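> got a sequence here, can you model it:
(chains A and B)
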Amino acid sequence: MSQDAIAGPEIEASASQVQHVEDRQTVVFRLSGESYGIEIFRVNEIIRMRDITPIPRTEAHIRGLVNLRGKTIPVVDLRVRMGLEVVEETDSSRIIVVDAEDGQVGIIVDAVNEVVTLEGQHIEPTPSLANDDQTEFVEAVAKRDAELVTLLNLDSALAA
Amino acid sequence: MSAELDMSQYVDLFLQEADEQIEILEQETLKLEEDPTSERLQIIFRAAHTLKGSSRAMGFAGMAELTHEMENVLDQLREGRLLVSTEIADALLQCQDELRQMVVSIREGNGDQGDCSALVAQLQGFVNGSSAPLAMDAAPAAASGPKEESLPLSHELVDTLKQAAEQSPIRQLRVRLNAECVMKFARAYMVTGVLTEVAELLATVPSVEDLEEEKFSLQFIALFQGGPTDDELLAQLKGISEIDSLVLSPWTAEATPELTVASNEAELAPAAPAAPVAPAAPAAPAAKAPSMDANKQAASVSGQTVRVDVTRLDALMNLIGELVIDRTRIAQIGSELGSKFSDPNIDALEETVSHIARITSDLQDQIMKARMMPIETVFNRFPRVVRDLAQKLGKDVKLELVGGETELDRSVIEVIGDPLLHILRNSVDHGLEDPDTREQLGKPRQGRVLVKACHQDNHIVIEISDDGRGIDAERIRKKAVEKGLLTKDQAERMTEREALQYIFSSGFSTAAEVSEVSGRGVGMDIVRSNLQRLGGLIDLETEVGKGSRFVLRLPLTLAIIRGLLTNVGEQVIVLPLGSVVETLLVEAASIQSVNRNEVIVLRGQTLPLVRLNEMFAIHSREDSTEDGQYVVVVGLAERRIGLAVDGLVGEKEVVIKSLSRFCGEVPGISGATILGDGNVALIADVNGIVLKESA
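As a prediction, the model looks like this:
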């Protein structure tokens, strides 16, 4: 018993050194020409672009309110938040509705590519050298074929 | 395991029912002292009985025991073997408090904890005490023979009775109370109560009012029509104790008593009144039938209700919103098709769409109505509070509640209770004088507090008035100066009305002594700010020595408002119609500038002008101001400001959606709504804007 108790933390520590990360089901979408991912269990639904009513005197990244089946939900533009170039909306633009701390929130994206399983061995924590606006919103980066998918930390990306 | 699961399912149901029954118990017990009718006792008894049954079934022994004892006492009261006294009413109310606590404890998963042995003992005391006088009752009654006093009938009464007698025979009941009877009016009340219940009571001699005030010696006569046979009626009446004799006879203008039954004989009358109705009284079944029918009907109507979770209603409301949007889409698709093709089916489609439109708006109305509740649910808390408060303060208070059936949305019901209660407490504590002082002032010893609700336009108006000492504006001025809220000069220049507004400032209390009840100076300011947040107003009228009257004006619902839709740039901004005073189209030239702030002059009054496009940083269309400027004059209490908008769209009922917490507090915006075309529009926080701009 006591041996186990002592051994426990050591095992955990060594596991984290190996950086074993589980596979993740991820919704992959595009923002300003790059691929990003959100874990699928955070995503409620994906809807087409619709009229957004701006809310005056709110932060720039809050684009406004949309009507989601009789509910009004706020929509954010993460490109503004992360200092990316804002691209014109196209037919492929979508709003990803996610569960945030303060209820449902919509995220505008340029396109939704697919839902994929990212293998744990291909997921790496954020390289700490990158020192731009994005890092605080990024949780990890995954390699998929020749492409890099930036996995967002939703909670900090949507935090006030 | 599965049994436990099942029980936990029932616990919710049980608790719901318990809450309901305890509420009934309390309401009816409070009314009992003033109006101890047998129907009321029956209702209370039934509630206690239901509670006993269900708590026993759920295995809450403590609760079952308490309700069982309550039931015993109530049974004695019902049978007339016990009298309703303040003591008993107090005990019953304590039982209800105890039951409430048990319910809370059960809800928290701790079972029916609580020691109610003292209460149980007290209740048992009532029951045991009552059986002794009952036994003694019969003997002296038999000994002292009935002795009749003459009770003359007035000419008017005789005339009325003669007329009534033409339709169906009138009988008279001569009642003689026991000389030791303590609460004569209660006995009289019970007799008239029975008669009103089973027959049609026409008159009493002395009058019912005199009976209530005990303005009679020991005898009185009740005249009635219809009802069961003599024997049955006597059987029902003999249950009332402290009655020496009951004499039942047909009434004629000459009034000769024919049938005399002393109480001991009445007791010998068939105990089971279940005997078939004798054909000797043909009027009886006919008279009784309709009232029974009515009872049945009432029972079945009240049975046709269903409990619905409010979130379900909200969900329904949202679904309808969705339906409206799809309907608009279909209409659009229809008209697009119509412009491309010519087909009779397209016309049919348009017809169907307009039919759907009507149905959806009806649906919306119906659901709104389903959310409405009578304000009674709030009022019901008041009698108990006032009773306890009056007892504690040694005051005699008559609380009148008027307009309890007035309906308003449950969103308002939920928030309005506390402010009302606060004002009510104030009225009883500070407003009303104690009985002795009142007597010296030449007022009735009993103070009166009236709470009245009614609909007015799209609002509910609630008045709370008392006939107490009123509020002295002089004292408020002095106090405001003392507190440093005003300079002496300012206070003197202030009108009485303005001075009164200071009772709504924080830290302000004119009560000479801080009491446990009120007087800490927190409260009225909170009351007012809470009301304003709801889009309501509060006003105060008072006259020193005569009393005060608080008037609250609230929207009927917080979920739906009537809004004035305005254009600001490309956006639609909704202004709550309740705040809109008028709309104007003013020439651009008439907008003046004072200290670099724009103002308009309206009938001699200068109003600050706020441009909503600037406030909300929305680009206005270029042409919008050419023909003049649309101004919506809005107000809060006596403050008025003008809001400049680009255009007026119209009036509409809108469903209020709160802004997501995600957006934080947005100054000037109180919420959002979804318009008929499915787009989201913002609702302006007009009260907030007025407060800010006119400060």
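> what stretches of the stretch 501-650 of chain B score poorly on pLDDT?
Low-confidence segments of the stretch 501-650 of chain B (pLDDT under 70): B:506-523, B:557-559, B:621-626, B:637.
> my read is that B:L92 contacts B:E71, right?
No - using Cβ atoms under 8 Å, B:L92 is not in contact with B:E71, being 11.1 Å away. (Each C-beta comes from the backbone N, C-alpha and C, glycine too.)
> of those two, which one has the most company?
In this view B:L92 and B:E71 are compared by other Cβ atoms under 10 Å in any protein chain shown, and B:L92 has more residues nearby, 25 against 20.
> tell me which residues touch that one, please.
Residues near B:L92 by Cβ atoms under 8 Å, 6 or more residues apart in numbering or on different chains: B:L25, B:T29, B:L32, B:I44, B:M70, B:V73, B:L74.
> so among those, where is pLDDT lowest?
Least confident of those in the model: B:L32, at 80.
> now name the helix or strand holding B:I106.
Using DSSP states H and E, B:I106 falls within helix B:86-107.
> neighbours of B:S427, how many?
Neighbours of B:S427 under the rule other Cβ under 10 Å: 29.
> what is the residue lying closest to it once chain neighbours are set aside paired to in the beta sheet?
Closest residue in space to B:S427, ignoring its immediate chain neighbours: B:D466 at 4.3 Å, by Cβ to Cβ, 6 or more residues apart in numbering or on different chains. The bridge-partner assignment for B:D466, based on DSSP bridges, gives B:V449, B:S548.
> tally of neighbours for B:D466?
27.
> quick one: residues contacting it.
B:S427, B:V428, B:G431, B:L432, B:G447, B:R448, B:V449, B:L450, B:G547, B:S548, B:R549.
> please report how far the nearest residue to B:C181 once chain neighbours are set aside lies from B:G470.
Distances taken as Cβ to Cβ, 6+ apart place B:E242 nearest to B:C181, at 4.3 Å, with adjacent residues excluded. Noted for B:E242: a distance of 45 Å to B:G470, by Cβ to Cβ, to the nearest Å.
> tell me which of those two has more neighbours.
B:E242 (22 against 17).
> residues of stretch B:47-59 that come out buried?
B:A47, B:A48, B:H49, B:T50, B:L51, B:K52, B:S54, B:S55, B:M58 (16 or more other Cβ atoms under 10 Å in any protein chain shown).
> surely the fourth one meets B:E17?
This means B:T50. Yes - B:T50 is in contact with B:E17 according to Cβ under 8 Å; the separation is 7.4 Å.
> who touches both of those two?
Contacts common to B:T50 and B:E17, judged by Cβ under 8 Å, 6+ apart, are absent.
> and the closest residue to A:N113 other than its chain neighbours, what is it in contact with?
The shortest distance from A:N113 to any non-neighbouring residue, by Cβ to Cβ, 6+ apart, is to A:V28 (4.6 Å). Contact analysis of A:V28 by Cβ under 8 Å, 6+ apart lists A:S35, A:Y36, A:G37, A:V112, A:N113, A:E114, A:V115, A:V116, A:R144, A:V149.
> including secondary structure, could these go into TSV?
Listed next are these as TSV, based on DSSP: H, G, I helix; E, B strand; the rest coil:
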residue	secondary structure
A:S35	strand
A:Y36	strand
A:G37	strand
A:V112	strand
A:N113	strand
A:E114	strand
A:V115	strand
A:V116	strand
A:R144	strand
A:V149	strand
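> chain B: which of these is nearest?
A:Y36 (20.0 Å; Cβ to the nearest Cβ).
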